[in-house]
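# please work out how this folds:
(one chain, ligands or ions: 2)
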Amino acid sequence: MVRFDGAVRGARSRAVLGACRGGGGPAPPPAAAAAALGGGAAGPGRAGMPSGFLLLVLAALLCAVLSPGPRGAAAAAAWTAWLNVSWENGWEAGEGGLYGLDSPLQPAEGLLVLPDSPDALSACSEFTNFSGAPPASGSLGWLALIQRGGGCSFAHKISLAADRGAAAAVIYNYPNAGNEVLPMSHHGAEKIVAIMISYQKGEKIRKLIDNGTKVTMVIEVGKKQSFSMNIFTILFISVSFFVVAAATVGCYVSYSARRLIIARAQSREQRQLRARAKKAIEQMQLRTLKEGDKETGPDGDSCVVCFEQYKPNDVMRVLTCNHVFHKTCIDPWLLEHGTCPLCKCDILKVLGVEVSVEAVVVVAAASHIVTLVL
Ligand SMILES: [Zn+2]
Ligand SMILES: [Zn+2]
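Numbering: from 1, shown residues only. Ligands and ions are numbered 1, 2, ... in the order given. Sure, this is the predicted structure:
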């Protein structure tokens, strides 16, 4: 049974892109097209997949919009292969293969033949030979059974099988792919029938052949698998992505704007508050110390802000609580703290300068927004 997994869907998306290119622009180079579907173990199509996803979605969206529907859908279709595999004392049949996207849609049959060396199962070497193949003059043709991967593209494997005289190339999937198959892209290798079968099926046939059993396969064209559904899926994903992205950007812009507005309001409020406090502080009484004042005597006090002894001619600020300090020390202190450093009396409150409720709300809201955004 043919099953389309995530890898197949990815391949389909790329197949859609290929179809788009084929529709109007120049055709892609054969090697690039084949490698893009993972013919090699590390094809260029796999590199940068996460960062390329967005571009892929955008390109698929453009393809879906710009390509005429019927032609795009036809080019992006794959056909299943009905297989009848038989050997000396057994057989099995079923829709177990998938025609390559560039394969002729024709039946094929013949003896399945492996590459000569166990190391050459992927048929990547130019020297790969199929010495088990029947002579060309015989009535029975032969099909090359080749393993996927090995560092070369599907097109390379299929072309090599065609050059050696095979009627078809039967490529079986990676070992970790289980029972899955995908539609191969093998631009430039369209001469013979090319199908993919699952690893499990390929491995079973390989073991039979290795044991000296002759295995034949009849390939017939099965059902069409349309990719049109995938185009709508990609379209849906693209639209969803743009909606989510637009909503995210909108939220961010809104938060940033609010944050800026609140920060400005907070700054303006603080400036006004500071100006009012400065004006109120300047209204408090000043006193200049003279010789003989008790503050300048041997038992005199020292300023608790700067810790210096008071001296004659020092200019002092007398607070509402009657404590005195250097004017140059206490004025900045009050602007910063608002209270007397000795008795903790709230001088600004006594002077009628209070932080308004509005300012408190603004400051709280600003800090909340900052927390949310950061
Ligand atoms: Zn001082
Ligand atoms: Zn005081």
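# R287: what secondary structure?
strand (DSSP: H, G, I helix; E, B strand; the rest coil).
# which residues does it contact?
Counting by Cβ atoms under 8 Å, 6 or more residues apart in numbering, R287 touches V315, M316, R317, V318, V324. C-beta: built from backbone N, CA, C; applies to glycine.
# separation between C321 and ligand 2?
3 Å (Cβ to the ion, to the nearest Å).
# all helices of this structure, in order?
In the chain, the segments counted as helices under DSSP state H are 6-23, 30-35, 49-66, 69-75, 154-163, 199-210, 228-282, 327-337, 347-350, 357-373.
# spell out which residues of the stretch 201-350 of the chain are next to ligand 2.
C321, H323, C340, L342, C343, C345 (Cβ under 5 Å from the ion).
# most neighbours out of these, which is it?
C340 (21 neighbours; other Cβ atoms under 10 Å).
# show the contacting residues for that residue.
Residues in contact with C340 (Cβ under 8 Å, 6+ apart) are L319, C321, H323, I347.
# so the third one touches T339, yeah?
No - the pair formed by H323 and T339 falls short of the contact definition of Cβ atoms under 8 Å, at 10.8 Å.
# residues near V305, how many?
14.
# quick check: T328 vs ligand 1, distance?
For T328, the distance to ligand 1 - Cβ to the ion - is 7 Å.
# how about that residue: what's its closest non-neighbour residue?
The spatially closest residue to T328, leaving aside those adjacent along the chain, is V315, at 7.5 Å (Cβ to Cβ, 6 or more residues apart in numbering).
# partner residues bridging that neighbour?
With DSSP bridges as the criterion, V315 is bridged to T288.
# list the residues that contact whatever residue of the stretch 251-374 of the chain ends up closest to ligand 1.
For the stretch 251-374 of the chain, the residue closest to ligand 1 is C303, as judged by Cβ to the ion, at 2.8 Å. Residues near C303 by Cβ under 8 Å, 6+ apart: Y310, F325, H326, C329.
# from those residues, which has minimum pLDDT?
When these are compared by pLDDT, Y310 scores lowest at 91.
# just to revisit the earlier point, neighbour-wise, which of the contacts of C303 leads?
Neighbour-wise, the contacts of C303 (other Cβ under 10 Å) top out at F325, 24 neighbours.
# hang on, isn't it packed against V304?
Yes - applying Cβ under 8 Å, one finds F325 in contact with V304, separated by 7.0 Å.
# which residues do those two both contact?
P341.
# ok, and the closest non-adjacent residue to the closest residue to ligand 2 within the stretch 151-300 of the chain?
Closest residue of the stretch 151-300 of the chain to ligand 2, Cβ to the ion: M284 (11.8 Å). Using Cβ to Cβ, 6+ apart and skipping residues adjacent in sequence, the residue nearest M284 is R317, 5.8 Å away.
# how many neighbouring residues does the one you found have?
Using other Cβ under 10 Å: R317 sits among 21 other residues.
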